[in-house]
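Student: below are the sequence and a predicted model for it; my questions follow.
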Amino acid sequence: MTARARLFRAPMTIASLVLVCLFGILAVVAPILWGEEALTARPTELLQGPSAEHLLGTDNLGRDLLLRTLVATRLSLGLAVLATLLAAVAGVLVGGLPAVLGGRVQRTFGAVINTWLAFPVLLLAMLVAILLGAGTTTAVLALVLTMTPSFARLAQTLASRVGGSEYLAAARMLGVSRRRQFTRYVLPNIAEPVIVNVTISIGGGLLALSSLSFLGVGVQPPDYDWGRLLKDGFAQVYNSPTAVIGPAVAVVLAGVAFGALGESLAGHLRGQDHGHTGGRRGPAPGPGPGSGPDGGQPSTPDTLLEVDGLSVAFPGEHGWVRPVRDVSLTIRAGEIVGVAGESGSGKSVTMMAIAQLSAPGAEVAARTLRFGDEDLTLLRGRALRGALTGVGVVFQDSLTALNPAMRVGAQLAEVPRTQRGVARRQANRDAVAALDAVAIPDPARRAGQFPHELSGGMRQRALIAMSQIGRPSLIIADEPTTALDVTVARRVMRLLRRECDRTGAAVLVSSHDIAVLGELCQRVLVMYAGRVVEDVPVDALRDPARLAHPYTRALVAALPDLDSDRDAPLATIPGEPPDPADPAPGCGFAARCALATDRCRAEVPELTGHRHGGRVACWHPQDREVVRS
Amino acid sequence: MNPWVSFLLRRTTRVVVAMLVIVTIAFGVLRLAGGDPVRAALGPTAPASVVDERRAQLGLDDPVLEQYVNYLGDLLHGDLGTSLVTGRSVSDLVGNRLMPTLELAGLAFVVALVFAVLIGLCVAVFTQGHRRRGLELAFTGVSGFLAAIPEYLLGVLLVIGFAITVAVFPVAGQGGPDSYVLPVIALAVSATAGLSRIARIEALNTLRDDYVRTARAKRIPPWRVYLRHALPNMLTGTLTIGGTLLATMITSSVLVEQVFNWPGMGTAFVQAIVTKDYGIVQGLALVYAAIVLVVNLLVDLVLALLDRRTTLLETG
């Protein structure tokens, strides 16, 4: 309900909706109120200009043009709406249905649509006019026939995306009926653009109908729509140029109104789909009080990355959503650090914020964000980009992370070409060498291929090669193996480690699989509800009893392949992580923690040193002595 | 078989089949029309002997199948039919009037496409992540307004404004480069406005894609992120709509040709309808359809080049 309420608060929606309603009311009321008078001929007042009595003047029979324009609303609008709706229904059926009927039908329908599209509205109108004679039915029929294939093609393009998608394939395999496939999977995915198109098309239909009437093919006297009024007005344009004002303004205004309404509907639906409309915006939240620069780990001479008080906020439906709060971490040169946590814990957002790759619209704040010798919070534009060439990024889903319209080699070669001004030929050789280094067989041929021609494992390795080719001193790898099966994932992780050993680059790698991180890393940061709750050396991970935070313990205890204490009260983690849009005060884990006290629910614990050599943010840190059995 | 060869083959076959369907419809409509088209074209006062002579000349008294076969044969020889009124060849007419129409519509289409894509991308870049709501509102308002002005109306306004009131451009006709300015503007403005909205939506979707972030991660200049990575990927959706726009544009060129008295096929078309010369209407309809089919084929080829993944493998 709030979403709907917000839609109707947007100024453009209100304005266009008011206009559309006004036209709707006019369409109903005007012929009743002024229908008779608009037909009244006044032989003494032919072709007059605007006057107090006739605001828009009179036509060649002395009829009032303002009233005629108002009365013409019904026919103009009614015909446009009728034609558009008929066309939309026909178009969606012709274009969307074949997606569930399989390839052959789809091709046949594609051919039909293409043939159909070859008929411009005027051409169709002429052919229909030869059969039926010029008139209203001809114009509407021609319009339906012309608009249908546009809707069909749109629906087809959209539906073929759906039709080729995995979930439809899955639905087909599970024996979901075709009718249900269409209504459940195809329609919802194509509805939004089609609805937007309908609204916009009504405006377009108005214009097309007015064109037809203007040419004399559409509405015939004694009926009149705006196009007919324009035709009659143009005939007298030298005697009475003001005669076109009324219908011209009406046509344009109606077109604008429907177009604007379509656009705001589209914007609304988009916002809903992506979960944020950016409605109200308070001031962007700052880094928060936190521990201050001295509270985190002291920076040592070989510190490569130093982050303190990092917070990220996105505009959400009810103000700011803060998926990351007050995160502090340091990475030494050559160190491999893992970030563990369930989805929604903020690990990806944290890593992207460090790499300066947050989504547009995100507000990133930090007390300290230092990489090498550069303070990233002070740099902008070219200087920031220059400093960040030292950070390579490996993304989660290699299929979407690679540009589908660009050869793999070119995507790699782009890095040395733009970063170091390497000549194209040399850059291409560098790209092939980089692919070779990550053990991609026949790298020269693969470099000339497009991402979809490579296997998933190969693409992920190509991404690693891409992150390496700029010779970075820090690799940020955001769940690099989530999209891969177990064997391939292990191989990719081993490759990542080998490459970093070879180049001496440090790594910040995230995974929801704490066991994988345990094999790869020297240190693991555990994140929960947007904060780092424990910073634990990897040897402590292998011995659950040495872990300090109840959440880390629960994570490790949930692993089937580690020897865990099955009788521990936290073997499973009941409850849900808190909503980043509506956080409770205190420790984020308090609601799910068996050890939580009032203090936990009131105050956020700071990261402090722990006997396992790392840090923990907990009011009741666990260690060997306190374990209950 | 090479996927490109089979792709080309399929698409070309489709165009040929489509053309055959259109030819058949064009042939059928004239024969299905009530009454005697020759009598209608020559008027009630024409002597019966003239009408009969013209009917025989056109072969309208032959069996329908024979007429159809002859018609197809004539078309293959480049004979588009005969004017019912004057008896002159439609092919000659098209020869004289094709280029002005193609120049006008083609120029306007290119202008609309280039401006729409660039404007759409620019606005999307500046308004992504729900920033600069003012710009977004202004863009929506201005483009919505411009898209709602019919081409013929804009044409007349341009003539009044820039050819009569301020005599900067010629009022009508085809001449030097300056004679193209007003008709092309009249034809391109609303298409540009409409398509730039589609382009902006496509661009916004594209800018949210992961590979754009990957491109940013390479620390390449922003213009390169937008032009090299986002632009080709937003073109697929934009051109799908843009391709259908061409049909609209050809329709509109008929109206704009009327306004500017452009010596193209459109003026001849409207003239033929007024004089009920269905021979010319039929021939010109075929030419218009053929142009759109060929352009659609070209659009599909460009789309396939830009988005190999979906086009080649899925839709076929």
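Tutor: Perfect, thanks for sending it. Numbers count the residues shown, from 1 in each chain, chains lettered A, B, ... in the order given.

Student: now for the nearest residue to residue A:70 once chain neighbours are set aside, how many residues are close by?
Tutor: The shortest distance from residue A:70 to any non-neighbouring residue, by CB to CB, 6 or more residues apart in numbering or on different chains, is to residue A:30 (4.4 Å). No exception for glycine: its C-beta is placed from N, CA and C like everyone else's. By other CB atoms under 10 Å in any protein chain shown, 20 other residues sit near residue A:30.

Student: over to residue A:475?
Tutor: Per other CB under 10 Å, the neighbour tally for residue A:475 reads 23.

Student: is any residue of the one helix or strand it maps to near chain B?
Tutor: Per DSSP states H and E, residue A:475 falls inside strand A:474-478. No. For strand A:474-478, no contact with chain B is found by CB under 8 Å from any CB of the partner chain; the gap never falls below 8.6 Å.

Student: got the buried residues for the helix or strand just after that strand?
Tutor: For strand A:474-478, the following helix or strand on the C-terminal side (DSSP H and E) is helix A:486-503. For helix A:486-503, burial by neighbour count (16 or more other CB atoms under 10 Å in any protein chain shown) applies to A:488, A:489, A:491, A:492, A:493, A:495, A:496, A:497, A:499, A:500.

Student: which ones are touching the fourth one?
Tutor: The reference is to residue A:492. With contacts defined as CB atoms under 8 Å, 6 or more residues apart in numbering or on different chains, residue A:492 is in contact with A:457, A:460, A:461, A:464, A:480, A:481, A:484.

Student: next: the third one.
Tutor: Residues near residue A:491 by CB under 8 Å, 6+ apart: residue A:457.

Student: and the residue of the stretch 301-450 of chain A found nearest chain B, what pLDDT?
Tutor: Closest contact between the stretch 301-450 of chain A and chain B, by CB to the nearest CB, is at residue A:361 (2.5 Å). Residue A:361 carries a pLDDT score of 81 in this model.

Student: quick one: the residue nearest to residue A:70 and chain B, what's the gap?
Tutor: Residue A:30 sits 20 Å away from chain B, going by CB to the nearest CB, to the nearest Å.

Student: phi first, then psi, for that residue.
Tutor: Backbone torsions of residue A:30, given as degrees, to the nearest 10, read phi -60, psi -50.

Student: okay but it is in contact with residue A:74, surely?
Tutor: Yes. Between residue A:30 and residue A:74 a contact is recorded at 6.5 Å, counting by CB atoms under 8 Å.

Student: okay, the residue nearest to residue A:70: pLDDT?
Tutor: pLDDT at residue A:30 comes out at 89.

Student: can you check residue A:567 too?
Tutor: On pLDDT, residue A:567 comes in at 57.

Student: same check on residue A:559?
Tutor: 69.

Student: again with residue B:117
Tutor: 92.

Student: same check, this time on the one 5 residues further on
Tutor: Predicted confidence (pLDDT) at residue B:122: the value is 93.

Student: check residue A:462 too.
Tutor: pLDDT recorded at residue A:462 is 90.

Student: tell me the average confidence for the strand or helix carrying residue A:73?
Tutor: Here residue A:73, judged by DSSP H and E, is contained in helix A:65-96. Across helix A:65-96, pLDDT averages out at 89.

Student: helices or strands up against that helix?
Tutor: Secondary-structure packing of helix A:65-96 (3 or more CB pairs under 8 Å, 6 or more residues apart in numbering or on different chains; DSSP states H and E): helix A:11-34, helix A:103-117, helix A:136-163, helix A:187-215, helix A:226-235, helix A:245-273.

Student: which parts of it are buried?
Tutor: A:65-77, A:79-81, A:83-88, A:90-96.

Student: ok now the strand holding residue A:475, how far from the chain's centre?
Tutor: With CA atoms, centre = their mean, to the nearest Å as the basis, strand A:474-478 stands 24 Å off its chain's centre.

Student: ok, that strand: who's next to it in the sheet?
Tutor: With DSSP bridges as the test, strand A:474-478 is paired with strand A:391-394 (parallel), strand A:506-511 (parallel).

Student: buried set for stretch A:593-611?
Tutor: Across stretch A:593-611, burial judged by 16+ other CB under 10 Å covers A:593, A:595, A:596, A:600, A:604, A:605, A:606, A:607, A:610.

Student: wait, isn't the last one in contact with residue A:547?
Tutor: This means residue A:610. No. Residue A:610 is not in contact with residue A:547 according to CB under 8 Å; the separation is 9.3 Å.

Student: between those two, what contacts are shared?
Tutor: Listed as contacting both residue A:610 and residue A:547 by CB under 8 Å, 6+ apart are residue A:534.

Student: now do the same contact list for residue A:601.
Tutor: Residue A:601 is in contact with A:584, A:585, A:586, A:587, A:590, A:591, counting by CB under 8 Å, 6+ apart.

Student: same thing with residue A:525?
Tutor: Shown in contact with residue A:525 (CB under 8 Å, 6+ apart): A:329, A:337, A:338, A:339, A:340, A:532, A:534, A:535, A:536.

Student: what helix or strand does the nearest residue to residue B:225 once chain neighbours are set aside sit in?
Tutor: Excluding the flanking residues, the one nearest residue B:225 by CB to CB, 6+ apart is residue B:215, at 4.6 Å. Residue B:215 is part of helix B:210-217, with elements assigned from DSSP H and E.

Student: tell me the mean pLDDT over that helix?
Tutor: Mean pLDDT, helix B:210-217: 89.

Student: so which elements touch it?
Tutor: strand A:391-394, helix A:398-401, helix A:456-468.

Student: cutoff 10 Å now
Tutor: Packing contacts for helix B:210-217, counted by 3 or more CB pairs under 10 Å, 6 or more residues apart in numbering or on different chains; DSSP states H and E, involve helix A:381-388, strand A:391-394, helix A:398-401, helix A:408-420, helix A:456-468, helix B:222-224.

Student: report the mean per-residue pLDDT for the first one.
Tutor: Confidence over helix A:381-388 (mean pLDDT, whole number) is 85.

Student: convert the C-alpha atoms of it to CSV, please.
Tutor: Taking Å, rounded to 0.1, in the frame of the first residue of the first chain, the C-alpha atoms of helix A:381-388 are listed here in CSV:
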residue,chain,number,x,y,z
GLY,A,381,38.7,10.9,-10.8
ARG,A,382,41.9,10.1,-12.7
ALA,A,383,44.1,10.1,-9.5
LEU,A,384,41.7,7.7,-7.8
ARG,A,385,41.7,5.4,-10.8
GLY,A,386,45.5,5.5,-11.0
ALA,A,387,45.8,4.5,-7.3
LEU,A,388,43.3,1.7,-7.8
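
Student: do that helix and chain B come into contact?
Tutor: Yes. Contact between helix A:381-388 and chain B, assessed by CB under 10 Å from any CB of the partner chain, occurs at A:381, A:382, A:384, A:385, A:386, A:387, A:388.

Student: just the buried residues of the residues you listed.
Tutor: Buried by 16+ other CB under 10 Å: A:385, A:387, A:388, out of the residues of helix A:381-388 next to chain B.

Student: now for the nearest residue to residue B:55 once chain neighbours are set aside, how many residues are close by?
Tutor: Distances taken as CB to CB, 6+ apart place residue B:38 nearest to residue B:55, at 5.3 Å, with adjacent residues excluded. Neighbours of residue B:38 under the rule other CB under 10 Å: 22.

Student: so what's residue 231 up against?
Tutor: If you meant another chain, say so; for now it's chain A. Residues near residue A:231 by CB atoms under 10 Å, 6 or more residues apart in numbering or on different chains: A:210, A:211, A:213, A:214, A:215, A:216, A:218, A:219, A:224, A:225, A:244, A:247.

Student: not quite, I wanted chain B
Tutor: Residues near residue B:231 by CB under 10 Å, 6+ apart: A:405, B:117, B:118, B:121, B:199, B:203, B:206, B:225, B:238, B:306.

Student: that one and residue A:451, how far apart?
Tutor: 18 Å (CB to CB, to the nearest Å).

Student: next one: residue B:199
Tutor: Residue B:199 sits 24 Å away from residue A:451, going by CB to CB.

Student: could you check which of these two is surrounded by more residues?
Tutor: residue B:199 (30 against 23).
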